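A.B. asks: here you go, sequence then predicted model.
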Amino acid sequence: MRNESTCISIRKVSKQFGKHEVLKNINLEIYEGEIFGLLGPSGAGKSTLVKELAGLDVPNSGENYIFQKKMPSLKLMERVGYMAQADALYEDLTAYENLQFFASLYGLKGKKQKQRINEVMQIVNLMDHLHKPVSNYSGGMKRRLSLAIALLHEPEILILDEPTVGIDPVLRKSIWEAFYELNRKGTTIIVTTHVMDEAEKCGRLGLMRDGTMIAVGTPEQLKAETNSTTIEEAFLIYGGA
Ligand SMILES: Nc1ncnc2c1ncn2[C@@H]1O[C@H](COP(=O)(O)OP(=O)(O)OP(=O)(O)O)[C@@H](O)[C@H]1O
């Protein structure tokens, strides 16, 4: 069920890399308990925006707030899980050893650490591969292990940058089932994607193009407002095509 209290507030955020304006005056509110999708083509600025929300980058102007506190903040990062676009895993170590390493960073030790490792590996359905070296994992398994790592410290907000890129439809479905399950338990999820059918799975969407937020709403609202039958069509209309 959706709770309307704001947990993320993006206020007049702009970002430049040199002369290139990658985010242009972005304003957005994300509510507690929703699955919010950032949809846009490659280069639209989605990763840049979510990196700022994860506390890994800062805007040139404007502010990002999480739970009414300004980012970046080390304290807030404990409440946020982030899965980057590229997997940051130690290939020579087993999945278990990778999880132990990241769990230690979060201050999870002993019995609690072991328990959380088992829980997150069950969520992503990798328990049978717990002691295999990551170098033996397929691309999809690595993405799921990255997700497990992002879940270790039980974050209230989960930020996922293209979590299912390069993953086959069957696995994608099982990963989305994991997202729904987490969301049902109260986790707010922000997911970036450029896949239209994935966008339809989100509660609300922010459509991004060339560093601009061109529309925000539920998939149904966006289609109705543009008289479209698909999100793809709605996107093109909002983009002025
Ligand atoms: N560190 C950086 N230095 C210079 N330019 C950057 C940097 N990071 C991103 N950019 C540029 O900013 C623009 C937006 O990139 P970003 O990764 O945020 O887009 P995206 O919407 O996430 O795209 P994709 O789906 O391909 O990841 C791109 O043109 C990219 O080249």
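C.D. replies: On my side now, so go ahead.
A.B. asks: quick check: residues of this protein near the ligand?
C.D. replies: Taking CB under 6 Å from any ligand atom as the contact definition, the chain meets the ligand at 17, 22, 40, 42-48, 85, 194. All C-beta spots, glycine's among them, are computed from the backbone N, C-alpha and C.
A.B. asks: which helix in this structure runs the most residues?
C.D. replies: Scanning the chain for the longest helix, with DSSP state H as the assignment, gives helix 169-184.
A.B. asks: now do the helix or strand following it against helix 169-184, angle only.
C.D. replies: Once helix 169-184 ends, the next helix or strand along the chain (criterion: DSSP states H and E) is strand 188-193. Strand 188-193 runs at 150 degrees relative to helix 169-184, counting by axes from the mean of the first three to the mean of the last three CA atoms, to 10 degrees.
A.B. asks: strand 188-193 packs against which elements?
C.D. replies: On a contact count with 3 or more CB pairs under 8 Å, 6 or more residues apart in numbering; DSSP states H and E, strand 188-193 meets strand 6-17, strand 20-31, strand 35-39, helix 46-53, strand 157-161, helix 169-184.
A.B. asks: for the second one, packing partners?
C.D. replies: Helices and strands touching strand 20-31, as assessed by 3+ CB pairs under 8 Å, 6+ apart, comprise strand 6-17, helix 46-53, strand 188-193, strand 212-217.
A.B. asks: repeat for the fifth one
C.D. replies: Helices and strands touching strand 157-161, by 3+ CB pairs under 8 Å, 6+ apart, are helix 46-53, strand 80-83, helix 139-151, strand 188-193.
A.B. asks: and those as CSV, adding mean neighbour count?
C.D. replies: Shown next, in CSV, are the helices and strands packed on strand 157-161 (neighbours: other CB atoms under 10 Å):
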stretch, mean neighbour count
helix 46-53, 22
strand 80-83, 23
helix 139-151, 22
strand 188-193, 24
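A.B. asks: hang on, the earlier thing: mind putting the residues of the chain next to the ligand in a markdown table, pLDDT included?
C.D. replies: Conversion of the residues of the chain next to the ligand to a markdown table gives the following (pLDDT from 0 to 100):
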| residue | pLDDT |
| --- | --- |
| F17 | 96 |
| V22 | 97 |
| G40 | 94 |
| S42 | 90 |
| G43 | 93 |
| A44 | 95 |
| G45 | 97 |
| K46 | 97 |
| S47 | 96 |
| T48 | 97 |
| Q85 | 85 |
| H194 | 87 |
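A.B. asks: can I get the buried part of those as one ChimeraX selection?
C.D. replies: Buried subset of the residues of the chain next to the ligand, written as a ChimeraX selection, criterion 16 or more other CB atoms under 10 Å:
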select :22,40,44,45,46,47,48,194
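A.B. asks: the strand or helix carrying V120 - what's its average pLDDT?
C.D. replies: With secondary structure defined by DSSP H and E, V120 is part of helix 110-123. Mean pLDDT, computed over helix 110-123, is 94.
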